[in-house]
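Asker: Can you look at this prediction? I've put the sequence above it.
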Amino acid sequence: MAAVTKKSTQELPFPNAEECLKNRARDAYNGSRDNTARSEMILQFIPMVHKIVQRAVTYIKPPLSYEDLVSAGTVGLIKAARDYNPSFQAEFKTYAYIRVKGAVLDELRNFSLLPANVDKQIKDASKTSIEITNQTGKAPTDEELADKLQITVDKLYQTFENARTKNFVSIDSTSDNSLSIGSTLIASDTPSPDKQLEQSELIEKLTEAILQLSERQRQIIILYYHKELTMKQIAEVFKITEPRVSQLHSSALFNLSVKMRKLKDG
C-alpha cells in the first residue's frame, strides 16, 4: 500500500503539484491570519460605532432605533476592515470613521424625508429671517422671528429641529462634494491644494458666521463639533436640560445656514 501511495504521488498530473499544495496551505494560513487581524480591528473600533451613533441619537425617529444605527454602523466597520489597504493615504481609524459615519448617515437618510408642509415652514422661516436681517442689519432673535411668522416660540423650535433633521447629512457628513461644519472644525488629514483653498475659504466664512451667533449658541457649536461633546454632556456643562441644548443647537444651525447663505450670495 505504501508503494502504491508513493507511486500515486509521483504520478501527479503536473510536475509542481507539491509546490501548489504548499502554496494552497500557505494561502489558507495567511487568509486565516488576515481574518484574525480584521476581527481584532473590528472589535477594537466597535466603541467608535457607538460614539458616532450617540451623536446622531437626537435625529432618530420611529420606526428607526438606536440599535438600527449601531447595526448599520457595524456593517460599515466590517466593510472598512475588509476593504482597507495599508497603501491608502489614511490610517485605518480615519478610513473606518468615514465608512461608519457614512453607513449611519445612509440609514438616517432613509428616514429623514419631511412632509411638504413641514418643508414649506422651514423655507418660510429661512426667508423671513433673511428679510429681517436685511432690514435691520442683524439676525432676528428666536422671539422676533416667531412673532414675525405668527407662531409660538415652541413651534419655531420644532421648525428648527425639522430643519436640522433635513440638513443633517450636509451638516455632519463628509463627502467628496462638500465640506461640513463637523469636518471643518475637527482636524483632519492634509487635503490637496485645491481642497485646502476651498476649506480655507469655508473656514473664513464659517468663522465670520459663528462670531455673529449669540455667546451661548457659539459655545454650543464649538463644544459639539470641535470638542465632540454629546448633547447630554453640554447640558451638564451649562446646567440646563438636554432638550434645551437641542433647541439652542438647532437654532444655532438654522442661523448659521442663513448667515452662510448670505455670505455666499454676497
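Answerer: Sure, I can see it. Numbering: from 1, shown residues only.
Asker: Ends of stretch 128-145, what's the gap?
Answerer: End-to-end distance of stretch 128-145 (Cα to Cα, to the nearest Å): 7 Å.
Asker: again with stretch 143-156
Answerer: OK, stretch 143-156 end separation, Cα to Cα: 9 Å.
Asker: I'd like to know how far Leu202 sits from Ala209.
Answerer: For Leu202, the distance to Ala209 (Cβ to Cβ, to the nearest Å) stands at 10 Å. Any C-beta I mention is one placed from the backbone N, CA and C, and that applies to glycine too.
Asker: For those two, work out which one has more neighbours and name it.
Answerer: Ala209 (21 against 18; other Cβ atoms under 10 Å).
Asker: Now Val237. Nearest residue, chain neighbours left out?
Answerer: Among residues not flanking Val237 along the chain, Leu223 sits closest, at 6.8 Å (Cβ to Cβ, 6 or more residues apart in numbering).
Asker: was I right about the one you found contacting Met231?
Answerer: No. Contact between Leu223 and Met231 fails when scored by Cβ atoms under 8 Å: they sit 9.8 Å apart.
Asker: ok, these two, which is more surrounded?
Answerer: Counted by other Cβ under 10 Å, Leu223 and Met231 do not tie: Met231 has more neighbours, with 22 against 19.
Asker: check contacts around the more buried one.
Answerer: 57-58, 224, 242, 245-246, 249 (Cβ atoms under 8 Å, 6 or more residues apart in numbering).
Asker: among those residues, which ones are buried?
Answerer: 58, 224, 245-246, 249 (16 or more other Cβ atoms under 10 Å).
Asker: closest to Thr165 among the residues you listed?
Answerer: Thr58 (8.8 Å; Cβ to Cβ).
Asker: List the buried residues of the helix or strand hosting Asp68.
Answerer: Using DSSP states H and E, Asp68 maps to helix 66-83. For helix 66-83, burial by neighbour count (16+ other Cβ under 10 Å) applies to 68-78, 80-81.
Asker: go on, stretch 85-93?
Answerer: In stretch 85-93, counting by 16+ other Cβ under 10 Å, buried: Phe92.
Asker: could I get that stretch in CSV with only the CA atoms?
Answerer: In CSV, the C-alpha atoms belonging to stretch 85-93 read as follows (Å, rounded to 0.1, in the frame of the first residue of the first chain):
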residue,chain,number,x,y,z
ASN,A,85,-5.5,48.8,2.2
PRO,A,86,-2.4,49.9,4.1
SER,A,87,-1.3,51.8,1.0
PHE,A,88,-4.2,54.2,1.5
GLN,A,89,-3.1,57.7,2.5
ALA,A,90,-5.0,57.4,5.7
GLU,A,91,-4.8,55.5,8.9
PHE,A,92,-7.4,52.7,9.4
LYS,A,93,-9.0,54.8,12.2
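Asker: and this protein, what are its domains?
Answerer: With domains defined by automatic domain parsing, the chain comprises 16-109, 116-265.
Asker: Output those as TSV; include the columns mean pLDDT.
Answerer: Shown next, in TSV, are those (pLDDT from 0 to 100):
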stretch	mean pLDDT
domain 16-109	78
domain 116-265	78
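Asker: Tell me which residues touch the spatially closest residue to Val70 that is not a sequence neighbour, please.
Answerer: Excluding the flanking residues, the one nearest Val70 by Cβ to Cβ, 6+ apart is Val53, at 5.4 Å. Neighbouring residues of Val53 by Cβ under 8 Å, 6+ apart: 66, 69-70, 73, 104.
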